[in-house]
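**Q** need the 3D shape of this:
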Amino acid sequence: MRKLHEIAADLKNRLGDTFPTFRFSTAENSPQLLNEIRAVSDAKLPAVIAVIGSGEIIDNARHQVLKITLVMIDRFVAGSDERALSAWEGLQTLMDLFPADVSEINGVRYIPRQFYAASGDPKYACFAFELEAHQC
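**A** Model prediction:
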């Protein structure tokens, strides 16, 4: 089974240079995630922050399921179709990197589960894209 730091490296490699910034976080709640979002320089947007939310160990540790959220961050400008489309395109780029027919990287299967708007700061447009990472 792949270790957490190996899965993190796999995700970073999959995203490559698609986004100017890709970070990992241990944020466990909204205030911590907001601090992570605010720590990204506006010049480095759009960005993605990866967070592991939870995991399951199944069948006497022979199967592991991790719930990973990729949070795509972009600037928010009220009344700007261009900025809104930029955020939507960022979300679409994430979805294209992990297609619904299941992506596999180094023996770990990534299954997209849902996405939703996730910003708690009026300066940013954020979408959370949830994946399940399955490995045996």
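
**Q** what's the weakest-modelled helix or strand in the chain?
**A** Lowest by mean pLDDT, DSSP states H and E among the helices and strands of the chain is helix 30-38, with a mean of 86.

**Q** could you point out the longest helix of this structure?
**A** In terms of residue count, the longest helix belonging to the chain (DSSP state H) is helix 81-97.

**Q** ok so, going back, roughly how far is the least confident helix or strand of the chain from the heart of the chain?
**A** In terms of CA atoms, centre = their mean, to the nearest Å, the centre of helix 30-38 is found 14 Å from the chain centre.

**Q** and for stretch 78-91?
**A** 18 Å.

**Q** same deal with stretch 22-42?
**A** Distance, centroid of stretch 22-42 to centroid of chain: 12 Å (CA atoms, centre = their mean).

**Q** and the contacts of it?
**A** The contact list for stretch 22-42, computed with CB atoms under 8 Å, 6 or more residues apart in numbering, reads 8, 11-12, 15, 21, 47-51, 71, 73, 75, 119-121, 124, 126. All C-beta spots, glycine's among them, are computed from the backbone N, C-alpha and C.

**Q** list the ones among those residues that fall in strands.
**A** Among the contacts of stretch 22-42, the residues falling in strands (DSSP state E) are 21, 47-51, 71, 73, 75, 124, 126.

**Q** CSV please, covering the residues you listed and showing pLDDT and neighbour count.
**A** What follows is the ones in strands among the contacts of stretch 22-42, written out as CSV (pLDDT from 0 to 100; neighbours: other CB atoms under 10 Å):
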residue, pLDDT, neighbour count
21, 92, 15
47, 92, 23
48, 95, 25
49, 93, 22
50, 94, 19
51, 93, 20
71, 94, 24
73, 92, 29
75, 88, 14
124, 91, 22
126, 92, 24
